[in-house]
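**Q** sequence? don't have it. structure:
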């Protein structure tokens, strides 16, 4: 990994680009009136200790498809890729990592002890990256909110029970303060992309 200063700058630059996407891009998850008020997403300070490189434990994993619930009740299928264990606040924490059906990208939906107070109540997402030697990078500084954290126009997978953890993960994106509920009459729902923008 690059040195700490370069790492922090890279994350901060990514966050600036993400703000620009939310503010100006036609594909922004924000409603037009939210974009007019947009002051930037809220994040915890960058903490390099929340970046982990781990082996994915595939023991007993049959790559089966599973269905995760969503915020609108529409089921969404994923493939179980394996389990990853990291040490947070001195405690080992194990997550189930999934792959997207079709695209094959890794996906880690989780909810930690900050949910509902400091972070979005339903949970947050992480897109683990694979290293050339087959390990996974779990960088919680890159944790982001599902699109349904901003308004209820979206359908978002809900973190499964095994990814609800009792430790606080104070890294990544925090709760968005300007949530808007769209009225039933004007609610054209679309599937939420699994990327943070």
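**A** Done, it's in. Model, not experiment: these values are computed from the prediction.
**Q** Mind checking what secondary structure the residue nearest to residue 75 when sequence neighbours are not counted has?
**A** When the adjacent residues along the chain are set aside, residue 75 lies closest to residue 67, with 4.4 Å between them (CB to CB, 6 or more residues apart in numbering). All C-beta atoms are positioned from the backbone trio N, CA, C, and that covers glycine. Under DSSP: H, G, I helix; E, B strand; the rest coil, residue 67 falls in the strand class.
**Q** Buried ones in the longest strand along the chain, by neighbour count?
**A** Longest strand in the chain, counting residues (DSSP state E): strand 76-88. Buried residues in strand 76-88, counted by 16 or more other CB atoms under 10 Å: 76, 78-84, 86, 88.
**Q** for it, packing partners?
**A** Here strand 76-88 touches strand 51-54, strand 65-68, strand 91-100, strand 106-110, strand 136-139, going by 3 or more CB pairs under 8 Å, 6 or more residues apart in numbering; DSSP states H and E.
**Q** How many residues are close by residue 23?
**A** Other residues near residue 23 come to 16 when the count uses other CB atoms under 10 Å.
**Q** what about residue 36, which SS state?
**A** Under the three-state scheme (three-state DSSP), residue 36 adopts helix.
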